[in-house]
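Novice: Got a sequence here, can you model it:
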Amino acid sequence: MRNTIKQGKKTGLLIGALALVIALSACTSSGGKKDAAVQGLDREDKGALKVAYFNEEAFYMQYGNAFQAMFPNVQLEVVSTESVFNAEDPVEEMEKLIAEQQPDALYLTEEQYAELAKKGLLYDLEAVVKQDEFGLDGFQPSVIELLKARGGGKLFGLSPSFASQALYYNKDMFDKHGIPYPTDGMSWEEVMQLAARFPVKKDGDDALNGLYQSSSNTFDLIRTIGEAKGLMYADADAGTVSIDSPEWKAIFQSVIEGYKSGSISMPSDSGGTGPGATVSMRGMGGKTMVFGGDSMKFVSGQAAMTIDSPMIMMFMGGMKMGGFSTSVGAAKKANSSTAKGQSVSPAKELNWDVVTMPVDPSQPDVTGSMSLDSVFSINASSENIPAAWEFLKYANGEQLAKTGSKSSPSLSSRPAFKKEVEGKNIDAFYALEANTQLLLQTMPAGFQDSFAQMASGQIKKAVDGSQSVDEVLKTIQTQGQDLLTKAKVEAEQ
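Specialist: Residues are numbered from 1 along each chain as shown. This is a model prediction of the structure:
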C-alpha cells in the first residue's frame, strides 16, 4: 500500500509486481512512418511486432496467445525486460534496451514512462486515439489525467490498471465496542479519534490497535497526513526543508500520541515480517512473495482499521487472482489452523468493509495514494506503429478489462469492470481523484528514503520520551536540510 502511506510505494509496487503480467513490443510490415496516418490492421495482414515485456512466458499467457489469434499473420517477438526491472537504474537500462533492441511496444513502470516521455522516446497517442475513435471516456478520469501529467501534458501511453489505497475496517470490532463505522471522506483527525476509542493492547499475541499501518517507518503516516493538507516538508527547487513549523508540529504530536497509547500501531523494525501468521503468494515465473507476522495483523483480527490496497482482499477472501494463490503458513492468532500450502485465508470470517482514504477538508476530493501499475507505450522510432497500436488497444480494451476484473488483484482503469467483492464498497478506490501536484513533485535521488529513515529514528525518541517533539522537529529540520543539500550537490555532479 502506499501503505499507511506512501503505499503506492510499497503496496503499489507490490501490486505492480503481481500485475507484472503486462508489457509489449512489436513490429509490422503494414506500418509506415510514425507521423503517417495510422491504418488499422486486418486479420489477414502480415507483419511482425516486437514487444518489450517482463518475460516471454508471462507475455504470451496474458496477451500474446490471444493477440496472435486475432492477428495470426503478425509474427510476435518478445524482448525480455526482466534484467531491466532488477537493475539499479531501471530507467537508464530501459533506455539502453530501446536503443539496442528497438522494440515497437513497451511495458513500462510509471517512472520509466515519465522519464522516457520527457526524452522524446515515446510515441504521442493523441492523434491515433482520436483517429481510431478509441474512447478514453471509458477510463477512470484520474488515470488519464495522471498519464498526461506524467507525459508533460500529452498522452504517451495507456494503463489498464492502477493502484490505490482505502481504509479497511473490522465491522464486528466496531459493533462490539459500540463505535460508529468509518465513512467515505473522513478526515485524518476523525480517523485517529476513532482509533483512540478502542481498548488497545500494544504487545503480545493478543495485541490490538485502533489503526494498523503496514510500514517499517514511523514517518510515513506523518508525511501522508501532512501531504493531504497540502504541506511539503522539502522543496527541491528552492533547496529548503521546512518541517519545523506549527502545522507539521500538530501532526507530529497527534501521531506520536497515537504511537504512545497504542491506538496507532508502531511500525516494526522487521518491516512487517515478524512472527505470527504468514501468507505466501506464488505467481508467474514461480516467484513467491511472503507476507508474515506484522503485515497480517488486520487480517488476523488484531486491528480495527488499516490502510491498504485491494490485494489484501485476497487474504480475507481466499481469492485466487492473476495466477497468484494465497496459502496460509503456521499462524499465531490467525483464524485458521490450516496447514501450509492450502489456498485459504487466515481470516475468511472477518466481517470487513472499506471506505475512502482519509482526506483533508481543504482538499476533500483528492488522494496522493494513487499510482499506475504499468503503462503500455509505443517506441517513437517504431516503423510498425499500426501493429503496436492494435496491441495497445487490445491490452487496454474492454475485453481484457472484463476478464481481469475476475483474475487480477489490480484495480481496473475501466470503472465499468471494477471488481465486485461480496458487495463491499469497492467504489472507495475510485471515488477520489489523483493529487497530481503531490504525485508529480520530484526530489533528488535517494533523498526521500534517507530523510524518512532519519526522521523515523528521531520520532522513536519522542515516542520513548527521551526527547520532546520540539527537540525532534529541530533535529529533523537541521539534519534534513543537510541531507537535501548533499543530495542536490550529488545530483548536479
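
Novice: which regions of this structure lie under the pLDDT threshold?
Specialist: 1-40, 269-295, 317-348, 406-407 (pLDDT under 70).

Novice: In it, which helix is the longest?
Specialist: helix 469-492 (DSSP state H).

Novice: Residues in contact with that one: which ones?
Specialist: Applying Cβ atoms under 8 Å, 6 or more residues apart in numbering, the contact partners of helix 469-492 are 233-234, 236, 239-244, 248-249, 252-253, 256, 443-447, 450-451, 454-455, 458-459, 461-462, 467. No exception for glycine: its C-beta is placed from N, CA and C like everyone else's.

Novice: quick one: the helices in the stretch 101-250 of the chain?
Specialist: 110-118, 126-131, 141-150, 171-176, 188-196, 219-228, 246-261 (DSSP state H, counting those that start in this stretch).

Novice: Tell me the buried residues in the longest one?
Specialist: So the one you mean is helix 246-261. 248, 251-252, 254-259 (16 or more other Cβ atoms under 10 Å).

Novice: what ranges do the strands span in the stretch 151-300 of the chain?
Specialist: Using DSSP state E, counting those that start in this stretch, the strands found in the stretch 151-300 of the chain span residues 157-158, 161-163, 166-170, 209-212, 234-235, 240-241, 278-282, 288-292.

Novice: Please name the residues that touch V78.
Specialist: Applying Cβ under 8 Å, 6+ apart, the residues near V78 are 25, 50-53, 55-56, 59-60, 64.

Novice: Between these, identify the one with the most neighbours.
Specialist: S25 (31 neighbours; other Cβ atoms under 10 Å).

Novice: picking up where we left off before, which of the contacts of helix 469-492 count as buried?
Specialist: Buried among the contacts of helix 469-492 by 16+ other Cβ under 10 Å: 233-234, 236, 241-244, 248, 252, 256, 443-444, 447, 450-451, 454-455, 458-459, 462, 467.

Novice: re earlier: how about CSV for the contacts of V78, with distance to M94 and secondary structure added?
Specialist: As requested, these are exported to CSV (distance: Cβ to Cβ, whole Å; DSSP: H, G, I helix; E, B strand; the rest coil):
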residue, distance to M94, secondary structure
S25, 12, strand
K50, 14, strand
V51, 13, strand
A52, 8, strand
Y53, 12, strand
N55, 15, coil
E56, 17, helix
F59, 16, helix
Y60, 21, helix
G64, 20, helix
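
Novice: thinking again about what came up before, tell me which of the helices of the stretch 101-250 of the chain sits most buried.
Specialist: Of all the helices of the stretch 101-250 of the chain, helix 219-228 has the most neighbours on average by mean count of other Cβ atoms under 10 Å, namely a mean of 25.

Novice: Now do it against helix 246-261, angle only.
Specialist: Going by axes from the mean of the first three to the mean of the last three Cα atoms, to 10 degrees, helix 219-228 is angled at 140 degrees with respect to helix 246-261.

Novice: helices or strands up against helix 219-228?
Specialist: helix 246-261, helix 447-463 (3 or more Cβ pairs under 8 Å, 6 or more residues apart in numbering; DSSP states H and E).

Novice: what angle separates the first one from helix 188-196?
Specialist: Looking back up the chat, that one is helix 246-261. Using the same axes, to 10 degrees: helix 246-261 against helix 188-196 is 10 degrees.

Novice: Next, the angle from helix 246-261 to helix 469-492.
Specialist: Going by the same axes, to 10 degrees, helix 246-261 makes 110 degrees with helix 469-492.

Novice: any idea how far the closest residue to P141 other than its chain neighbours is from V359?
Specialist: Among residues not flanking P141 along the chain, E433 sits closest, at 7.2 Å (Cβ to Cβ, 6 or more residues apart in numbering). Remark: distance between E433 and V359 (Cβ to Cβ, to the nearest Å) = 11 Å.

Novice: The two - which one has more neighbours?
Specialist: With neighbours defined as other Cβ under 10 Å, E433 and V359 compare such that V359 has more, 23 against 16.

Novice: if I look at the more buried one, how far off is D184?
Specialist: Distance from V359 to D184, by Cβ to Cβ: 9 Å.

Novice: Look up phi and psi at the nearest residue to P160 once chain neighbours are set aside.
Specialist: In this structure, P160 finds its nearest non-sequential neighbour in N396, 4.8 Å apart by Cβ to Cβ, 6+ apart. Taking degrees, to the nearest 10, you get phi -110, psi 10 for the backbone angles of N396.

Novice: Counting neighbours, what do you get for N396?
Specialist: Counted with other Cβ under 10 Å, N396 comes out at 23.

Novice: Wait, it touches S413, no?
Specialist: Yes. With contact defined as Cβ atoms under 8 Å, N396 counts as touching S413 (7.4 Å).

Novice: so what sits against both of those two?
Specialist: Residues touching both N396 and S413 (Cβ under 8 Å, 6+ apart): 158-160.

Novice: Give me the neighbour count for Q363.
Specialist: For Q363, the count of nearby residues is 18 (other Cβ under 10 Å).

Novice: Please read the previous query as pertaining to E390.
Specialist: Other residues close to E390 by other Cβ under 10 Å number 24.

Novice: Pretty sure it sits in a helix.
Specialist: Yes. According to DSSP: H, G, I helix; E, B strand; the rest coil, E390 belongs to a helix.

Novice: Please name the nearest non-neighbouring residue to it.
Specialist: In space, E390 is closest to L41, 5.0 Å off (Cβ to Cβ, 6+ apart).

Novice: F219 too?
Specialist: A455 (4.1 Å).

Novice: go on, K260?
Specialist: V463 (5.8 Å).

Novice: isn't the one you found right next to E257, touching?
Specialist: No. V463 sits out of contact with E257 when judged by Cβ under 8 Å, with a separation of 9.3 Å.

Novice: First-to-last residue distance for stretch 457-469?
Specialist: 13 Å (Cα to Cα, to the nearest Å).

Novice: Could you number the chain from 209 rather than 1 from now on?
Specialist: Renumbered: residue one is now 209, and that last one reads stretch 665-677.

Novice: can you give me the offset of it from its chain's centre?
Specialist: 30 Å (Cα atoms, centre = their mean, to the nearest Å).

Novice: same check, this time on stretch 425-444
Specialist: Taking mean C-alpha positions (Cα atoms, centre = their mean), stretch 425-444 and its chain are 17 Å apart.
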